[in-house]
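Asker: Structure here, sequence nowhere to be found:
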(Lines give C-alpha, C1' and ligand atoms only; values in the text may rest on other atoms or scores of the structure.)
Protein backbone atom coordinates (compact mmCIF):
# COMPACT_ATOMS: atom_id res chain seq x y z
CA UNK A 1 0.00 0.00 0.00
CA UNK A 2 2.78 2.41 0.82
CA UNK A 3 5.58 3.32 -1.56
CA UNK A 4 7.17 6.41 -3.02
CA UNK A 5 5.04 6.30 -6.17
CA UNK A 6 1.76 6.78 -4.29
CA UNK A 7 0.08 10.12 -3.91
CA UNK A 8 0.11 11.41 -0.35
CA UNK A 9 -3.67 11.07 -0.23
CA UNK A 10 -3.16 7.32 0.00
CA UNK A 11 -1.11 7.58 3.17
CA UNK A 12 -2.96 7.10 6.45
CA UNK A 13 -1.80 10.18 8.30
CA UNK A 14 -4.10 12.13 10.64
CA UNK A 15 -2.32 15.03 12.30
CA UNK A 16 -4.58 18.04 11.85
CA UNK A 17 -2.22 20.84 10.88
CA UNK A 18 -2.72 24.27 12.47
CA UNK A 19 -3.96 26.00 9.32
CA UNK A 20 -7.10 23.86 9.04
CA UNK A 21 -8.04 23.54 12.72
CA UNK A 22 -11.36 24.80 14.01
CA UNK A 23 -11.47 27.64 16.48
CA UNK A 24 -12.28 25.14 19.23
CA UNK A 25 -9.26 23.01 18.39
CA UNK A 26 -6.98 26.04 18.16
CA UNK A 27 -8.19 27.20 21.58
CA UNK A 28 -7.70 23.73 23.07
CA UNK A 29 -4.15 23.59 21.70
CA UNK A 30 -3.32 27.04 23.07
CA UNK A 31 -4.66 26.14 26.51
CA UNK A 32 -2.67 22.89 26.63
CA UNK A 33 0.55 24.55 25.55
CA UNK A 34 0.07 27.49 27.90
CA UNK A 35 -0.35 25.21 30.93
CA UNK A 36 2.50 22.84 30.09
CA UNK A 37 5.73 23.37 32.06
CA UNK A 38 9.01 23.89 30.25
CA UNK A 39 11.20 20.86 29.62
CA UNK A 40 14.15 20.45 31.97
CA UNK A 41 16.12 17.43 33.12
CA UNK A 42 16.30 17.44 36.92
CA UNK A 43 19.80 16.65 38.16
CA UNK A 44 23.10 15.85 36.51
CA UNK A 45 23.51 13.23 33.82
CA UNK A 46 26.36 11.94 31.73
CA UNK A 47 26.68 12.30 27.99
CA UNK A 48 26.38 8.96 26.21
CA UNK A 49 27.03 7.91 22.63
CA UNK A 50 23.71 6.18 22.10
CA UNK A 51 20.46 5.13 23.74
CA UNK A 52 18.12 2.66 22.06
CA UNK A 53 14.85 2.39 23.98
CA UNK A 54 14.03 -0.84 22.15
CA UNK A 55 16.78 -2.46 24.24
CA UNK A 56 14.60 -1.85 27.30
CA UNK A 57 11.59 -3.39 25.58
CA UNK A 58 13.61 -6.44 24.60
CA UNK A 59 14.94 -6.87 28.11
CA UNK A 60 11.48 -6.71 29.67
CA UNK A 61 9.55 -8.71 27.05
CA UNK A 62 12.16 -10.84 25.29
CA UNK A 63 11.12 -9.50 21.89
CA UNK A 64 10.48 -6.29 19.97
CA UNK A 65 7.35 -4.22 20.37
CA UNK A 66 5.01 -5.00 17.45
CA UNK A 67 4.64 -2.15 14.99
CA UNK A 68 1.16 -0.73 14.46
CA UNK A 69 -0.55 -0.64 11.10
CA UNK A 70 -3.02 2.20 10.70
CA UNK A 71 -6.31 1.72 8.91
CA UNK A 72 -7.68 5.24 9.47
CA UNK A 73 -6.14 8.65 10.18
CA UNK A 74 -5.28 7.72 13.76
CA UNK A 75 -1.53 8.37 13.75
CA UNK A 76 -1.77 10.63 16.79
CA UNK A 77 -3.07 7.71 18.82
CA UNK A 78 -0.39 5.42 17.40
CA UNK A 79 2.43 7.78 18.37
CA UNK A 80 0.94 8.25 21.84
CA UNK A 81 0.68 4.50 22.40
CA UNK A 82 4.28 4.00 21.27
CA UNK A 83 5.63 6.62 23.69
CA UNK A 84 3.50 5.20 26.52
CA UNK A 85 4.68 1.65 25.84
CA UNK A 86 8.35 2.61 26.00
CA UNK A 87 7.69 4.65 29.14
CA UNK A 88 6.06 1.59 30.67
CA UNK A 89 8.96 -0.78 29.95
CA UNK A 90 11.36 1.70 31.54
CA UNK A 91 9.07 1.88 34.58
CA UNK A 92 9.28 -1.91 34.84
CA UNK A 93 13.08 -1.80 34.66
CA UNK A 94 13.17 0.88 37.35
CA UNK A 95 10.70 -1.00 39.57
CA UNK A 96 10.67 -4.80 39.06
CA UNK A 97 7.42 -5.06 41.03
CA UNK A 98 5.71 -3.49 37.99
CA UNK A 99 4.60 -5.50 34.94
CA UNK A 100 4.40 -4.58 31.29
CA UNK A 101 0.90 -4.67 29.81
CA UNK A 102 -0.27 -4.18 26.23
CA UNK A 103 -2.01 -0.85 25.59
CA UNK A 104 -5.25 -0.54 23.63
CA UNK A 105 -4.49 2.26 21.19
CA UNK A 106 -8.05 3.27 20.14
CA UNK A 107 -8.69 4.56 23.68
CA UNK A 108 -5.78 7.00 23.51
CA UNK A 109 -6.72 8.15 20.02
CA UNK A 110 -10.30 8.82 21.10
CA UNK A 111 -9.29 10.73 24.20
CA UNK A 112 -6.76 12.81 22.26
CA UNK A 113 -9.66 14.01 20.12
CA UNK A 114 -11.64 14.85 23.26
CA UNK A 115 -8.72 16.94 24.52
CA UNK A 116 -8.35 18.57 21.10
CA UNK A 117 -11.99 19.64 21.01
CA UNK A 118 -12.81 17.36 18.08
CA UNK A 119 -16.03 15.38 17.74
CA UNK A 120 -18.10 13.93 14.95
CA UNK A 121 -17.48 11.68 11.97
CA UNK A 122 -13.93 12.61 11.01
CA UNK A 123 -10.38 11.35 11.40
CA UNK A 124 -7.38 13.03 12.97
CA UNK A 125 -6.21 14.73 16.12
CA UNK A 126 -3.35 16.87 17.47
CA UNK A 127 -0.06 16.10 19.16
CA UNK A 128 -0.90 18.45 21.99
CA UNK A 129 -4.25 16.71 22.46
CA UNK A 130 -2.45 13.36 22.72
CA UNK A 131 -0.03 14.72 25.31
CA UNK A 132 -2.95 16.10 27.33
CA UNK A 133 -4.85 12.83 27.03
CA UNK A 134 -1.83 10.89 28.28
CA UNK A 135 -1.78 12.92 31.51
CA UNK A 136 -5.55 13.29 31.91
CA UNK A 137 -6.96 9.97 30.70
CA UNK A 138 -3.94 7.65 30.64
CA UNK A 139 -3.62 4.38 28.75
CA UNK A 140 -6.12 1.52 28.68
CA UNK A 141 -4.65 -1.94 29.19
CA UNK A 142 -6.30 -4.68 27.15
CA UNK A 143 -6.15 -6.99 30.18
CA UNK A 144 -9.16 -5.18 31.60
CA UNK A 145 -11.52 -6.56 28.96
CA UNK A 146 -10.92 -9.74 26.90
CA UNK A 147 -13.04 -8.32 24.08
CA UNK A 148 -10.41 -5.63 23.51
CA UNK A 149 -7.76 -8.26 22.83
CA UNK A 150 -10.12 -10.13 20.56
CA UNK A 151 -10.47 -7.06 18.33
CA UNK A 152 -6.72 -6.90 17.63
CA UNK A 153 -5.12 -9.00 14.89
CA UNK A 154 -1.58 -9.49 13.62
CA UNK A 155 -0.27 -9.29 10.08
CA UNK A 156 1.25 -12.25 8.26
CA UNK A 157 4.70 -11.21 9.49
CA UNK A 158 3.59 -11.64 13.11
CA UNK A 159 5.19 -8.31 13.98
CA UNK A 160 2.59 -5.88 12.63
CA UNK A 161 -0.35 -5.23 14.92
CA UNK A 162 -3.66 -4.27 13.32
CA UNK A 163 -5.65 -1.99 15.60
CA UNK A 164 -9.43 -2.03 15.01
CA UNK A 165 -10.19 0.97 12.83
CA UNK A 166 -13.91 0.57 13.42
CA UNK A 167 -13.37 1.10 17.15
CA UNK A 168 -11.09 4.07 16.51
CA UNK A 169 -13.83 5.54 14.32
CA UNK A 170 -16.72 5.01 16.76
CA UNK A 171 -14.82 6.01 19.90
CA UNK A 172 -13.18 8.91 18.08
CA UNK A 173 -16.57 10.42 17.35
CA UNK A 174 -17.52 10.92 21.00
CA UNK A 175 -14.74 9.61 23.24
CA UNK A 176 -14.21 6.18 24.74
CA UNK A 177 -17.06 4.56 26.71
CA UNK A 178 -17.24 5.81 30.29
CA UNK A 179 -16.62 2.34 31.72
CA UNK A 180 -13.07 2.43 30.33
CA UNK A 181 -12.09 5.91 31.42
CA UNK A 182 -11.57 5.12 35.10
CA UNK A 183 -9.51 2.09 34.07
CA UNK A 184 -7.37 4.24 31.78
CA UNK A 185 -6.74 6.74 34.54
CA UNK A 186 -4.91 4.03 36.48
CA UNK A 187 -2.06 4.37 33.97
CA UNK A 188 -1.39 8.09 33.66
CA UNK A 189 1.66 9.70 32.13
CA UNK A 190 2.43 12.09 34.97
CA UNK A 191 4.21 14.84 33.00
CA UNK A 192 4.68 15.96 29.42
CA UNK A 193 6.81 18.78 28.05
CA UNK A 194 7.22 20.45 24.68
CA UNK A 195 10.67 19.93 23.13
CA UNK A 196 11.72 22.89 21.01
CA UNK A 197 15.02 21.67 19.61
CA UNK A 198 17.11 18.58 18.98
CA UNK A 199 19.33 19.19 22.01
CA UNK A 200 16.26 18.81 24.21
CA UNK A 201 15.27 15.69 22.26
CA UNK A 202 18.73 14.23 22.84
CA UNK A 203 18.59 15.03 26.55
CA UNK A 204 15.16 13.42 26.86
CA UNK A 205 16.25 10.23 25.13
CA UNK A 206 19.58 10.00 26.95
CA UNK A 207 17.57 10.06 30.18
CA UNK A 208 15.22 7.34 28.90
CA UNK A 209 12.16 9.44 28.00
CA UNK A 210 10.22 8.59 24.82
CA UNK A 211 9.03 11.34 22.49
CA UNK A 212 6.06 11.96 20.18
CA UNK A 213 6.48 14.10 17.06
CA UNK A 214 3.70 15.69 14.98
CA UNK A 215 4.39 17.74 11.87
CA UNK A 216 4.12 17.84 8.09
CA UNK A 217 7.55 16.20 7.64
CA UNK A 218 7.34 13.43 5.05
CA UNK A 219 10.15 11.06 4.17
CA UNK A 220 10.89 8.43 1.57
CA UNK A 221 8.88 5.24 1.94
CA UNK A 222 11.99 3.22 1.07
CA UNK A 223 15.01 5.06 2.50
CA UNK A 224 18.50 3.90 1.64
CA UNK A 225 21.21 2.52 3.89
CA UNK A 226 23.97 5.07 4.39
CA UNK A 227 27.00 4.69 6.63
CA UNK A 228 25.53 1.49 8.01
CA UNK A 229 22.09 2.88 8.98
CA UNK A 230 18.67 3.13 7.34
CA UNK A 231 18.67 6.89 6.84
CA UNK A 232 15.66 8.92 5.74
CA UNK A 233 15.19 12.54 4.67
CA UNK A 234 12.32 14.90 3.94
CA UNK A 235 11.02 14.49 0.39
CA UNK A 236 7.26 15.03 0.73
CA UNK A 237 4.47 15.95 3.15
CA UNK A 238 2.95 13.67 5.79
CA UNK A 239 0.58 15.41 8.21
CA UNK A 240 1.49 12.77 10.70
CA UNK A 241 2.44 11.87 14.26
CA UNK A 242 5.16 9.32 15.03
CA UNK A 243 7.49 8.58 17.96
CA UNK A 244 11.23 8.98 18.56
CA UNK A 245 12.78 6.13 20.56
CA UNK A 246 16.56 6.25 19.98
CA UNK A 247 19.52 8.60 19.82
CA UNK A 248 23.01 7.94 18.44
CA UNK A 249 26.03 10.19 18.12
CA UNK A 250 27.12 8.39 14.99
CA UNK A 251 30.85 8.43 14.17
CA UNK A 252 30.24 9.52 10.57
CA UNK A 253 26.80 11.13 10.51
CA UNK A 254 26.83 13.01 13.80
CA UNK A 255 23.68 13.03 15.94
CA UNK A 256 20.88 10.91 14.49
CA UNK A 257 17.45 9.95 15.83
CA UNK A 258 15.27 6.89 15.26
CA UNK A 259 11.67 7.65 14.25
CA UNK A 260 9.19 4.82 14.78
CA UNK A 261 6.28 4.87 12.34
CA UNK A 262 2.89 3.10 12.31
CA UNK A 263 2.56 1.68 8.80
CA UNK A 264 3.77 -1.88 9.30
CA UNK A 265 6.98 -3.77 10.09
CA UNK A 266 8.60 -3.93 6.64
CA UNK A 267 7.21 -0.73 5.08
CA UNK A 268 10.48 1.21 5.17
CA UNK A 269 12.93 -1.70 4.92
CA UNK A 270 15.12 -3.03 7.70
CA UNK A 271 18.07 -1.27 9.33
CA UNK A 272 21.39 -3.17 9.46
CA UNK A 273 21.82 -2.02 13.08
CA UNK A 274 19.11 -4.43 14.26
CA UNK A 275 16.59 -1.71 15.05
CA UNK A 276 12.93 -2.80 15.03
CA UNK A 277 10.99 -2.70 11.78
CA UNK A 278 8.73 0.14 10.77
CA UNK A 279 11.07 3.05 11.34
CA UNK A 280 14.23 4.83 10.21
CA UNK A 281 17.02 7.17 11.31
CA UNK A 282 17.09 10.89 10.51
CA UNK A 283 19.81 13.51 10.79
CA UNK A 284 19.64 16.25 13.40
CA UNK A 285 18.51 18.85 10.88
CA UNK A 286 15.52 16.72 9.86
CA UNK A 287 14.32 16.45 13.44
CA UNK A 288 14.82 20.18 13.98
CA UNK A 289 12.42 20.81 11.08
CA UNK A 290 9.86 18.78 13.02
CA UNK A 291 10.60 20.56 16.32
CA UNK A 292 10.05 23.90 14.61
CA UNK A 293 6.36 22.98 14.19
CA UNK A 294 5.97 22.96 18.00
CA UNK A 295 4.25 19.60 18.60
CA UNK A 296 7.11 17.48 19.88
CA UNK A 297 6.57 16.13 23.41
CA UNK A 298 8.51 14.08 25.95
CA UNK A 299 6.52 11.73 28.20
CA UNK A 300 7.42 11.11 31.86
CA UNK A 301 6.03 8.84 34.63
CA UNK A 302 6.96 11.45 37.27
CA UNK A 303 4.77 14.26 38.62
CA UNK A 304 7.85 16.40 39.17
CA UNK A 305 8.85 16.18 35.52
CA UNK A 306 12.02 14.63 34.16
CA UNK A 307 14.58 13.35 36.70
CA UNK A 308 17.97 12.35 35.30
CA UNK A 309 19.09 8.73 34.89
CA UNK A 310 16.05 7.12 36.47
CA UNK A 311 16.33 3.73 34.73
CA UNK A 312 19.02 1.14 35.59
CA UNK A 313 20.30 0.21 32.15
CA UNK A 314 21.66 -3.33 32.36
CA UNK A 315 22.17 -4.66 28.83
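Answerer: Yes, it's here. If you're wondering where the values come from, they're calculated on a predicted model, not measured in any experiment.
Asker: Touching stretch 260-275 from outside, list them.
Answerer: Residues from elsewhere that reach stretch 260-275 (C-beta atoms under 8 Å, 6 or more residues apart in numbering): 2, 11-12, 52, 54, 66-70, 75, 78-79, 82, 155, 157, 159-160, 221-223, 225, 228-230, 232, 242-246, 258, 276-281. Any C-beta I mention is one placed from the backbone N, CA and C, and that applies to glycine too.
Asker: so where is this structure shaky, pLDDT-wise?
Answerer: Applying pLDDT under 70 to the chain flags the ranges 1-11, 313-315.
Asker: Quick check: longest strand in it by residues?
Answerer: As far as residue count goes, and with DSSP state E defining each element, the longest strand of the chain is strand 234-250.
Asker: Partner strands of that one and their direction?
Answerer: strand 50-52 (antiparallel), strand 211-219 (antiparallel), strand 254-260 (antiparallel) (DSSP bridges).
Asker: Check which residues of that strand are buried.
Answerer: The neighbour-count check on strand 234-250 (16 or more other C-beta atoms under 10 Å) flags 234, 238-248, 250 as buried.
Asker: So which of the contacts of stretch 260-275 belong to strands?
Answerer: Among the contacts of stretch 260-275, the residues falling in strands (DSSP E) are 52, 67-69, 160, 225, 229-230, 232, 242-246, 258, 279-281.
Asker: Just the buried residues out of these, in ChimeraX syntax.
Answerer: Here is the ChimeraX selection string for the buried members of the ones in strands among the contacts of stretch 260-275, based on 16+ other C-beta under 10 Å:
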select :52,67,68,69,160,229,230,232,242,243,244,245,246,258,279,280,281
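Asker: what separates residue 215 from residue 242, distance-wise?
Answerer: Using C-beta to C-beta, to the nearest Å, we find residue 215 at a distance of 9 Å from residue 242.
Asker: again, but for residue 145
Answerer: Residue 145 is 28 Å from residue 242, where distance means C-beta to C-beta.
Asker: again with residue 258
Answerer: 10 Å.
Asker: again with residue 112
Answerer: Using C-beta to C-beta, which is the criterion applied here, residue 112 is 14 Å from residue 242.
Asker: try residue 221
Answerer: Residue 221 is 14 Å from residue 242, by C-beta to C-beta.
Asker: just residue 168 next, same as before
Answerer: Distance from residue 168 to residue 242, by C-beta to C-beta: 17 Å.
Asker: give me the number of residues near residue 40?
Answerer: 10 (other C-beta atoms under 10 Å).
Asker: for the chain, longest helix please?
Answerer: Determined from DSSP state H, the single longest helix within the chain is helix 75-94.
Asker: the inter-axis angle of that helix versus strand 234-250?
Answerer: Orientation check (axes from the mean of the first three to the mean of the last three C-alpha atoms, to 10 degrees): helix 75-94 against strand 234-250 gives 10 degrees.
Asker: The following helix or strand past helix 75-94 packs against which elements?
Answerer: Using DSSP states H and E, the helix or strand that follows helix 75-94 in sequence is helix 105-115. Under the contact criterion of 3 or more C-beta pairs under 8 Å, 6 or more residues apart in numbering; DSSP states H and E, helix 105-115 touches helix 75-94, helix 127-136, helix 165-174, helix 178-184.
Asker: So what touches the following helix or strand past the second one?
Answerer: What that stands for is helix 127-136. Once the chain leaves helix 127-136, the next helix or strand it forms, by DSSP H and E, is helix 146-150. Identification of contacts with helix 146-150 by C-beta under 8 Å, 6+ apart yields 102, 104, 140, 142-143.
Asker: And for stretch 162-171?
Answerer: 68-72, 74, 77-78, 105-107, 109-110, 121, 123, 151-155, 177.
Asker: how about a cut-off of 10 Å?
Answerer: Stretch 162-171 has contacts (C-beta atoms under 10 Å, 6 or more residues apart in numbering) with 12, 14, 66, 68-74, 77-78, 81, 104-111, 113-114, 121-123, 148, 150-155, 172, 176-177, 180, 262, 264.
Asker: Please apply the same query to stretch 16-23.
Answerer: 25-29, 73, 76, 113, 116-118, 122-127, 129, 214-216, 237, 239-240, 293-295.
Asker: change it to 8 Å
Answerer: Residues contacting stretch 16-23 (C-beta under 8 Å, 6+ apart): 25-26, 29, 116-118, 124-126, 216, 239.
Asker: so who does the residue nearest in space to the middle of the chain touch?
Answerer: What sits nearest the mean C-alpha location of the chain, by C-alpha atoms, centre = their mean, is residue 79, with 2.7 Å. Residue 79 makes contact with 127, 130, 212-214, 241-243, 262, according to C-beta under 8 Å, 6+ apart.
Asker: mind running it again at 6 Å?
Answerer: By C-beta atoms under 6 Å, 6 or more residues apart in numbering, the residues touching residue 79 are 212, 241-243.
Asker: circling back to that earlier point, may I ask which two of the buried residues of strand 234-250 are separated the most?
Answerer: 239 and 250 (28.7 Å; C-beta to C-beta).
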